[in-house]
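[1] predicted coordinates and the sequence they were generated for:
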Protein chains: 2
Amino acid sequence: MTEPGELSDRERRAWYAFLTMQEDLRRHMNRQLLNDTGLSLADYAVLSTLWMQPDNSLRVFELRERLRWEKTRLTHQISRMVTRGQVERNPCADDPRGQQITLTPAGHEAITKAVPLHIDYVRRVFLDVVTPRQLDSLAALSEAVLDNLTTDEDPADT
Amino acid sequence: MTEPGELSDRERRAWYAFLTMQEDLRRHMNRQLLNDTGLSLADYAVLSTLWMQPDNSLRVFELRERLRWEKTRLTHQISRMVTRGQVERNPCADDPRGQQITLTPAGHEAITKAVPLHIDYVRRVFLDVVTPRQLDSLAALSEAVLDNLTTDEDPADT
DNA sequence: TCAAAAAGGGTGATGCATCATCCTTCTCAG
DNA sequence: CTGAGAAGGATGATGCATCACCCTTTTTGA
């Protein structure tokens, strides 16, 4: 290997390329989405998750599990989305503590338009330039890293 | 392939795993760095870039090229770092428009401590669970995506 | 059975990222 | 030589991400 505290050239190249790509891609994607649909990536994540439900609705904690977000982040995001009229908060019948989050008609329309645009975008900027072997390798790598992260710890909130 | 506007199972798996991994990793990394060293990832990027210079100093636009950030982002980041005493802004001799950004002693000490910790962290959470083949594949993939992004457009600021 | 912890959810403050806009100095083609 | 645009850099506002902390209801184990 290399000394602790140092990276080999190969490692440095890969890590740096990955970091850069990931940042640029996220920025580019966010901008594109915002321009084309008026939604942020965070909006898109929430809306598309609700959209996949038969009743366009989920409890906050269910949304949180699917998104792998932290409590506070999702609460704030929902609050902003409520003021924008994208989703609504309703008290939950079963559990007086609970809140049911539901797509508004406006939210539904927005995400219905956004999804195909975004999928095409992902294909254009990402999938089209990646070989099948690279794609499978990336999937395996990602899952390995995720495993390692989540077994390593959990920050007491999630 | 698949219909436009849809992803195959293979594509969906890889894209979703990548997105999730990337987000979780960034969050985890940021938290770790903040706990261990008191620096944000943005701080780390700026400080380590200055630190690699012989005189611990760069013009704003040089810093911007190396970081691949946008003007406004870097200006704001520097302003915050100045108030925290991590770097200082000095007028530039050659060009009255220019600003020279230099590490303060405190900034130098912080980054000197942070770098080996962070490298070890990267090894632990990422490099250790990735095979050499996967690493090379990731590097190639990342460079291809980056190429595709930057030829595609430039947002008139960078 | 009843207190303590866990689960569900929220608030305010702060730092970070981006947009729109602005100012000054420099460059260069006409 | 000069005026237009480019380059270097800054500001204020807004949305997003995280931290520390809070409240209420539900579970649970002693």
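    Arrived safely, thanks for sending. Not measured: the values here are computed from a predicted model.
[2] can you give me the helices in chain A?
    When secondary structure is read from DSSP state H, chain A shows helices at A:9-37, A:41-51, A:60-67, A:71-83, A:105-125, A:132-152.
[3] who's in contact with the third one?
    Under the contact criterion CB atoms under 8 Å, 6 or more residues apart in numbering or on different chains, helix A:60-67 has outside partners A:45-46, A:49-50, A:58, A:69-71, A:74-75, A:78, A:98-99, A:101, A:158. C-beta: built from backbone N, CA, C; applies to glycine.
[4] kindly report the same for the fourth one.
    Contacts with helix A:71-83, where a contact means CB under 8 Å, 6+ apart, come from A:42-43, A:46, A:60, A:63-64, A:67, A:69, A:87-89, A:101, A:107, A:157-158.
[5] let's see that with 6 Å instead.
    By CB atoms under 6 Å, 6 or more residues apart in numbering or on different chains, the surrounding residues in contact with helix A:71-83 are A:42, A:64, A:87, A:89, A:157.
[6] return the member of the contacts of helix A:60-67 nearest to DNA strand D.
    A:E70 (5.9 Å; CB to the nearest atom of the strand).
[7] and that closest one, backbone torsions?
    phi -90, psi 150 (degrees, to the nearest 10).
[8] so for it, what's the pLDDT?
    Per-residue confidence (pLDDT) for A:E70: 95.
[9] distance of it relative to DNA strand C?
    9 Å (CB to the nearest atom of the strand, to the nearest Å).
[10] burial count for that residue?
    By the measure other CB atoms under 10 Å in any protein chain shown, the count of residues near A:E70 is 14.
[11] and for the closest residue to A:H28 other than its chain neighbours, the neighbour number?
    Among residues not flanking A:H28 along the chain, B:L149 sits closest, at 5.5 Å (CB to CB, 6 or more residues apart in numbering or on different chains). By the measure other CB under 10 Å, the count of residues near B:L149 is 19.
[12] retrieve the pLDDT associated with B:L149.
    Value for B:L149, per-residue pLDDT: 89.
[13] check the gap between it and DNA strand D for me.
    20 Å.
[14] quick one: the closest residue in space to A:D55 that isn't next to it in sequence from DNA strand C, how far?
    Closest residue to A:D55 apart from its sequence neighbours, by CB to CB, 6+ apart: A:T102 at 7.6 Å. A:T102 sits 12 Å away from DNA strand C, going by CB to the nearest atom of the strand.
[15] and A:T102, what is it in contact with?
    With CB under 6 Å, 6+ apart, A:T102 has these contacts: A:56-57, A:88.
[16] around chain B, pick out the residues from chain A.
    Proximity of chain A to chain B, by CB under 6 Å from any CB of the partner chain, involves residues A:5, A:11, A:13-14, A:17-18, A:21-22, A:24, A:28, A:116, A:119, A:126-127, A:129-130, A:134-135, A:137-139, A:141-146, A:148-149.
[17] pLDDT wise, what is the closest residue to A:A144 other than its chain neighbours at?
    Leaving out its chain neighbours, the residue that sits closest to A:A144 by CB to CB, 6+ apart is B:V129, at 4.6 Å. For B:V129, the pLDDT comes out at 96.
[18] thinking B:V129 is in contact with A:L146, fair?
    No - B:V129 lies out of contact with A:L146 (CB atoms under 6 Å); the separation is 9.5 Å.
[19] find the residue at the geometric middle of chain A.
    Geometric centre of chain A, nearest residue: A:A45, 5.0 Å, by CA atoms, centre = their mean.
[20] and the pLDDT for that one?
    Confidence score, pLDDT, at A:A45: 98.
[21] chain neighbours aside, what residue packs nearest to it?
    Spatial nearest neighbour of A:A45, excluding adjacent residues (CB to CB, 6+ apart): A:L67 at 5.8 Å.
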